[in-house]
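**Q** Sequence below, structure please.
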Amino acid sequence: MAILMITGTGTEVGKTVATAAVAATALSAGRTVAVLKPAQTGVRPDERGDADEVARLAGTVHTLELARYPDPLAPATAARRAGLPPVRPAEVAETASKLAAEYDVVLVEGAGGLLVRFDDDGGTLADAAAVLDAPVLVVASAGLGTLNATELTTRELARRDVHLTGVVIGSWPDSPDLAARCNLADLPTVTGSRLAGALPEGAGKLPPADFRTLASSWLAPILGGTWNAAEFQARESPLRSV
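**A** Below you'll find the predicted structure:
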């Protein structure tokens, strides 16, 4: 896992916090980590971006942005509105490869979902992953609507012959409703892939020291953690209809 691409099924699904958990887990295992954010949108030059938030939570990681655009829009649209050059998949792939020569783990966090456009030619994170032949981790929401979005994302990866590492639930509610609990069983079915972790709701608000201590318990062994999908499902899934 020298290079791992991390995408969401949409915005606000917990992608940045999940990236931080993967980074913290790798750091705790003694590995060096770089976090690449190809296109940061919706922040001013003096504001903290997603890569900065990963570093705050995870610890000593090298962070790099290729471009920053002020409008909170898809990168291609934000670049066009700002009159700035877009980021292209080949540039993402080249930068990630160079970082992989210096760091044990390179995490590439996308913007929004898998097919959000970086440029007006339609370049996406999926294209960068294909160039690199790098695996992709999908971060999904827990509740109603997640099955369709997650299946569409994983189907697109399969269509492009890009390896899917697994699906992480970006924010597992303190009091999950019936849809969220049923989705624990249904997500592996619709995606054909294992659940690779579940982050508790509010994980990103924990003190960084606590976040780093707990991060590995939220992630499955495929990501270096100790989280057990079968045990989690047995505890959280409904056993029968009421």
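**Q** Need the three-state assignment for the spatially closest residue to Thr11 that is not a sequence neighbour.
**A** Once flanking residues are discounted, Thr11 sits nearest to Gly112: 4.9 Å by C-beta to C-beta, 6 or more residues apart in numbering. C-beta here means a position set from N, CA and C on the backbone, and glycine is covered the same way. Put simply, Gly112 is strand when judged by DSSP: H, G, I helix; E, B strand; the rest coil.
**Q** What are the buried residues along stretch 97-116?
**A** Buried residues in stretch 97-116, counted by 16 or more other C-beta atoms under 10 Å: 99-100, 103, 105-116.
**Q** re the thing from before, tell me the contacts of the residue nearest to Thr11?
**A** The contact partners of Gly112, taken as C-beta atoms under 8 Å, 6 or more residues apart in numbering, are 8, 10-11, 74.
**Q** Most neighbours out of the residues you listed, which is it?
**A** Per-residue neighbour counts (other C-beta atoms under 10 Å) across these peak at Gly8, which has 28 neighbours.
**Q** neighbours of the closest residue in space to that one that isn't next to it in sequence, just the number please.
**A** Of all residues not flanking Gly8 in the chain, Lys15 sits nearest, at 4.1 Å (C-beta to C-beta, 6+ apart). Neighbour count for Lys15, taken as other C-beta under 10 Å: 26.
**Q** Next: Asp121.
**A** Asp121 has 11 neighbouring residues, counting by other C-beta under 10 Å.
**Q** Make sure it is indeed in a strand.
**A** No - using three-state DSSP, the secondary structure at Asp121 is coil, not a strand.
**Q** give the contact list for the closest residue to it other than its chain neighbours.
**A** Closest residue to Asp121 apart from its sequence neighbours, by C-beta to C-beta, 6+ apart: Arg88 at 7.6 Å. Under the criterion of C-beta under 8 Å, 6+ apart, the neighbours of Arg88 are 118-119, 121, 123.
**Q** Look at Arg88 and report its pLDDT.
**A** For Arg88, the pLDDT comes out at 97.
**Q** same deal with Gly10?
**A** At Gly10, the model reports a pLDDT of 92.
**Q** quick one, what contacts the closest residue to it other than its chain neighbours?
**A** Nearest residue to Gly10, sequence neighbours excluded (C-beta to C-beta, 6+ apart): Gly113, at 5.2 Å. Residues near Gly113 by C-beta under 8 Å, 6+ apart: 7-11, 149, 153.
**Q** Tell me the bridge partners for Gly113.
**A** Gly8 (DSSP bridges).
**Q** Return the distance of it relative to Pro75.
**A** Distance, Gly113 to Pro75, by C-beta to C-beta, to the nearest Å: 12 Å.
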